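1. one predicted model, sequence on top.
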Amino acid sequence: MYLPEPHKFFSVSNPVSTPSAWAKARKFFLLAAGIVALDQLVKFLVKLNMTIGRAGEIPILGDWFKLHFIENPGAAFGLTVTHIMAGMGMELPDSTGKLILTLFSIVAVSVIGYVLFRLRDHHSRLPWFVAMIFGGALGNIIDRTFYGLWFNELNISQPEPFAYSGGLFHGRVVDMFYFDIWEGFIPAWVPGMGGEYYSLWPIFNIADSAISIGIVIILVFQGRFFRQDEKWKTAAETPSPKETTPEVATQPEISPEIPANEEATASENENDADPA
């Protein structure tokens, strides 16, 4: 009975248990972790030191670019599940909508993290931009999941209409970077946003920037990324000239053949030479 060698027995290509797989993916997750750390540092500084709303606004480049502390209870552009359902003629409590949004975001971030891990062998810059999206999404998930718990007393003490009582999974995302281009009310006929007051360029944070940059770069250069990866794989499968051993052409051995007439002549000569 044949038994494989131990090192072959345990060298099954399992992307989860193979140490080299984690080593390849580590640099991408480190980038995501760096984005999360920077994002949370800025948010903590803003949350603990700035006054929410226009009262605490800090001009950076005149009236064009400002630091404006605001908290987003929903997703991108302030959309909430409650607003979306209301636009469809359905009612949903704010707390339930917030919980649905947070749980859905956690699932989505987990999927992005898994995709990033699977892209560890991709031979282009695609994994780097997926890491940016993952890090940004994870940074905002921390706000939604924990800020209602960590800063509950501070949230309650904020001036109206910004005060809220949250808890686990009921936090709000801290935003602070504001390009003041236009502000006004959205027309009432716009589903989910009608009648609401918005700025043309939403107030955002570092996590939002990482997500936006990652998505835009991937959409623009996705074809190039996959062509680069395919080209690398093709080159890896093609043996190099050094690995190719030239075949030496061998000449077949040719045995001398005597024609039939020469054989007959030789036989006659032998007979003549034989004395009677």
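-> It's in.

2. could I get the helix or strand containing residue 71 in PDB with only the CA atoms?
-> Per DSSP states H and E, residue 71 falls inside strand 65-72. Output of strand 65-72 as PDB, limited to C-alpha atoms (Å, rounded to 0.1, in the frame of the first residue of the first chain):
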ATOM      1  CA  PHE A  65     -13.700  74.200   1.600                       C
ATOM      2  CA  LYS A  66     -14.600  73.800   5.300                       C
ATOM      3  CA  LEU A  67     -14.500  71.500   8.200                       C
ATOM      4  CA  HIS A  68     -18.200  70.900   9.100                       C
ATOM      5  CA  PHE A  69     -19.000  68.300  11.700                       C
ATOM      6  CA  ILE A  70     -22.200  66.500  10.900                       C
ATOM      7  CA  GLU A  71     -23.500  62.900  11.600                       C
ATOM      8  CA  ASN A  72     -25.100  60.800   8.900                       C
END
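
3. partners of it, with directions?
-> Here strand 65-72 is paired, per DSSP bridges, with strand 58-61 (antiparallel), strand 173-179 (antiparallel).

4. now that strand: how far from the chain's centre is it?
-> For strand 65-72, the separation from the chain centroid amounts to 27 Å (computed by C-alpha atoms, centre = their mean, to the nearest Å).

5. contacts for it?
-> Defining contact as C-beta atoms under 8 Å, 6 or more residues apart in numbering, one finds that strand 65-72 is touched by 46-47, 50-54, 56-60, 78, 162, 172-180, 203. Every C-beta, even on glycine, is put in place using the N, C-alpha and C of the backbone.

6. which of those residues are buried?
-> Buried subset of the contacts of strand 65-72 (neighbour count, 16 or more other C-beta atoms under 10 Å): 46-47, 50, 52-53, 57, 78, 172-180, 203.

7. burial check on residue 157, number of neighbours?
-> By other C-beta atoms under 10 Å, 9 other residues sit near residue 157.

8. any idea how far it lies from residue 151?
-> Distance of residue 157 to residue 151, computed by C-beta to C-beta, to the nearest Å: 10 Å.

9. residue 27 too?
-> Distance of residue 27 to residue 151, computed by C-beta to C-beta: 33 Å.

10. buried ones in stretch 109-123, by neighbour count?
-> Burial within stretch 109-123, assessed by neighbour count using 16+ other C-beta under 10 Å, is assigned to 109, 112-113, 116-117, 119-120, 122.

11. point out where the stretch 51-200 of the chain drops to low pLDDT.
-> 75-87, 192-193, 199 (pLDDT under 70).
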